[in-house]
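>>> Quick one: sequence and predicted model below, then my questions.
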Amino acid sequence: AILELRISLESECASLAAQRATPDDLAALRRALDAINAAALAGLETASLDYEFHLQIARSTGNRYFVDIMSQLGTTLIPRARVNAARFADEGPERYAARLAHEHDDIFDAIARHDQEAARAAMRTHLTKSRERLRRAHEAAEKAGTAG
């Protein structure tokens, strides 16, 4: 349910960020992505850094209400903060991290190009894939629970 909300909210955030992002906003987004990638390479937790990337997109809209909503929801926005989606997505942590990095890069690139429709589509794709990964994780967890 939270991902349904995120798809609508964050797709619009990405579009507005593409329209309004300043050079400082773009630099902050790049730093956030670099932090996620560095933590993933080191084998560290990345959910809180992922949340910061999404929050920075909201900041880049220039609309404090998007930031307020994203802040209120906090890391509950990031499903893998609660579920090991990489384990259940039939891929190892490295491949999972690479997939997320690619999805995030697509969002960033569209925002940096100031391409509103591409930013909206990249965010929608990312969150739709997240929803699918979470669905598979829940199904696998349920199967594991009934098998034991």
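Yep, that arrived.

>>> low pLDDT regions in the protein?
Within the chain, the ranges that satisfy pLDDT under 70 run 75-91, 147-148.

>>> which stretches of it form helices?
2-20, 23-41, 47-60, 64-73, 85-88, 93-112, 116-147 (DSSP state H).

>>> Pick the most deeply packed of those.
helix 47-60 (a mean of 21; mean count of other CB atoms under 10 Å). (Each C-beta comes from the backbone N, C-alpha and C, glycine too.)

>>> That one vs helix 23-41, what angle?
Note on geometry: by axes from the mean of the first three to the mean of the last three CA atoms, to 10 degrees, helix 47-60 and helix 23-41 are set 170 degrees apart in direction.

>>> Tell me which other helices or strands helix 47-60 touches.
helix 2-20, helix 23-41, helix 64-73, helix 93-112 (3 or more CB pairs under 8 Å, 6 or more residues apart in numbering; DSSP states H and E).

>>> The third one packs against which elements?
Here helix 64-73 is seen to pack against helix 2-20, helix 47-60 when contacts are counted using 3+ CB pairs under 8 Å, 6+ apart.

>>> Now distance to residue 137 too, for those helices, in TSV please.
Output for these, formatted as TSV (distance: least, CB to CB, whole Å):
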stretch	distance to residue 137
helix 2-20	12
helix 47-60	14
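
>>> Those: which one's closest to residue 41?
helix 47-60 (12.2 Å; CB to CB).

>>> export that closest one as CSV, just CAs?
Backbone C-alpha positions of helix 47-60 (Å, rounded to 0.1, in the frame of the first residue of the first chain) are rendered in CSV as follows:
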residue,chain,number,x,y,z
ALA,A,47,18.2,1.8,3.1
SER,A,48,18.7,5.1,5.0
LEU,A,49,20.9,6.4,2.3
ASP,A,50,18.3,5.4,-0.3
TYR,A,51,15.7,7.3,1.7
GLU,A,52,18.0,10.4,1.7
PHE,A,53,18.2,10.2,-2.1
HIS,A,54,14.4,10.2,-2.4
LEU,A,55,14.1,13.0,0.2
GLN,A,56,16.6,15.1,-1.8
ILE,A,57,14.4,14.7,-4.9
ALA,A,58,11.5,16.1,-2.8
ARG,A,59,13.7,19.0,-1.7
SER,A,60,14.6,19.6,-5.3
